[in-house]
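*Asks:* Sharing a model that was predicted from the sequence below.
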Amino acid sequence: MEAIKIKKYTVEEYHALEIATGQKYEYRNGEVYAMSGGTLNHSLISNNITGHLRGALLEKNKNCYVLNSDMRIAVDFAESYVYADGSVYCNEPSFSEKDKNALTNPTLIIEVLSPNTRGYDRGEKFWKYKHLSSFKEYVIIEQKEPVVEVCTRQADGSWNILTTIGLDASVFLHTLGISIPMSAIYHGIKGLQQPTFRLYKEE
């Protein structure tokens with residue numbers, strides 16, 4: 001996502017802008033940011049994990065559904081509309097009163113990190129997602145290394161973070177009861193770097 005601040009917009013003006021331009025924007029309390037195109041690896045990783053999730057949910061006959069990055073998510077608490085790289089909702093979808101095309105009840109959200117968005121995805125965006133009562137699990141995927149973090153909401157409201165490293169491992173999603181091989185998530189990705197220990201790495 002290329003963060004290009006346009007001007008102060010009302011929600012109605014924001015919706016009209018997306019319709020008029022055919023472009024995706026994020027709305028953050030009056031500020032509108034244009035979404036830029038992703039890299040090949042970003043697209044591959046997003047498609048790999050959502051495709052695997054879709055097949056696994058069908059196999060388990062779960063009443064949960066996978067959405068791609070076209071689905072807008074509303075965080076009414078923060079007066080925001082955002083786009084995730086993937087999401088899952090269970091049972092029936094619910095939508096914002098101000099936007100009937102913006103989901104308000106994702107159970108699981110996926111973000112593939114990129115240099116321009118990693119701080120936002122880990123920080124402010126995650127904070128917004130936490131205010132969605134349905135939101136139980138956050139999957140954060142590195143592009144350049146086979147490293148995936150899964151943040152799972154606990155019964156007391158705290159979050160447990162489990163980091164999976166290496167192509168021989170598998171990522172377990174507690175909320176859905178599904179295990180995904182890291183090799184499936186990174187299928188087709190060229191030039192993966194050897195994971196290195198770090199407390200937190202900022203690019």
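*Replies:* That came through, no problem.
*Asks:* Quick check: next helix or strand after the helix-or-strand element of the chain with minimal mean pLDDT?
*Replies:* Ranked by mean pLDDT, DSSP states H and E, the helix or strand of the chain with the weakest confidence is strand 5-8, at a mean of 65. Next helix or strand after strand 5-8 toward the C-terminus (DSSP states H and E): helix 11-21.
*Asks:* Just the residues contacting that next one, thanks.
*Replies:* Contact with helix 11-21 is made by 6, 9, 23-25, 27, 32, 79, 81, 98-99, as judged by Cβ atoms under 8 Å, 6 or more residues apart in numbering. (C-beta placed from N, C-alpha, C; glycine too.)
*Asks:* again, only using 6 Å
*Replies:* 25, 27, 32, 98 (Cβ atoms under 6 Å, 6 or more residues apart in numbering).
*Asks:* now swap in stretch 114-132 and tell me
*Replies:* By Cβ under 6 Å, 6+ apart, stretch 114-132 touches 1, 75, 77-78, 80, 109, 111, 113, 135, 203.
*Asks:* farthest-separated two in the residues you listed?
*Replies:* Phe77 and Glu203 (29.5 Å; Cβ to Cβ).
*Asks:* for the protein, which helix is longest?
*Replies:* In the chain, assigned by DSSP state H, the helix with the most residues is helix 40-60.
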